[in-house]
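Visitor: what follows is a predicted protein model with its sequence.
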Amino acid sequence: MTNKVAIHYCTGCRWLLRSAWMAQELLTTFDGELSELSLHPGSGGIFEVWVNDQRVWSRKEDGGFPEITELKQRVRDQINPEKSLGHSDRKA
């Protein structure tokens, strides 16, 4: 298992708590499937999530912050596409 997640966030925008919460959600959901999850302080309004060197979310390109369900789906699609996310996979 060598799945790595990196969350890049803007310190000036005070997005550490949001980033840490998302990190906790991903660590809980993908327990045993991630070898590393790191938080990277940045600037300029950055908020990006990378999985195994593939960007799965960009605040600037995707238009804001992800709902946690969508973020989990995008991470899952990179590390284990067959994994069921239970209620997170159900459509509203």
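Guide: Alright, I've got the coordinates.
Visitor: for this protein, which segments count as strands?
Guide: Remark: strands assigned in the chain by DSSP state E are 4-10, 36-42, 47-51, 54-58.
Visitor: residues in contact with the third one?
Guide: Here strand 47-51 makes contact (C-beta atoms under 8 Å, 6 or more residues apart in numbering) with 3-10, 13, 15, 18-19, 22, 55-59, 65-66, 71, 74-75, 78-79. Every C-beta, even on glycine, is put in place using the N, C-alpha and C of the backbone.
Visitor: low-confidence stretches in the protein?
Guide: 90-92 (pLDDT under 70).
Visitor: hmm, back to that, which of the contacts of strand 47-51 are buried? Put it as a ChimeraX command.
Guide: Selecting the buried subset of those in ChimeraX, with 16 or more other C-beta atoms under 10 Å as the burial test, is done by:
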select :3,5,6,7,8,9,10,15,19,22,56,57,59,66,71,74,75,79
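Visitor: hey, which helix is longest across the protein?
Guide: Criterion DSSP state H: the longest helix present in the chain is helix 16-29.
Visitor: next, the angle from that helix to strand 36-42.
Guide: Orientation check (axes from the mean of the first three to the mean of the last three C-alpha atoms, to 10 degrees): helix 16-29 against strand 36-42 gives 170 degrees.
Visitor: before we move on, back to that, would you turn the strands of the chain into TSV with distance to L27?
Guide: Shown next, in TSV, are the strands of the chain (distance: least, C-beta to C-beta, whole Å):
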stretch	distance to L27
strand 4-10	9
strand 36-42	6
strand 47-51	13
strand 54-58	16
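Visitor: wouldn't V75 be in contact with V56 here?
Guide: Yes: assessed by C-beta atoms under 8 Å, V75 is found in contact with V56 at 6.2 Å.
Visitor: how close does L27 get to G63?
Guide: 26 Å (C-beta to C-beta, to the nearest Å).
Visitor: for those two, indicate the residue with more neighbours.
Guide: L27 (13 against 8; other C-beta atoms under 10 Å).
Visitor: apart from its neighbours in sequence, what residue is nearest that one?
Guide: Leaving aside its sequence neighbours, L27 sits nearest to L37 (C-beta to C-beta, 6 or more residues apart in numbering; 5.7 Å).
Visitor: so what's that neighbour up against?
Guide: By C-beta under 8 Å, 6+ apart, L37 lies in contact with K4, V5, A6, I7, A23, L26, L27.
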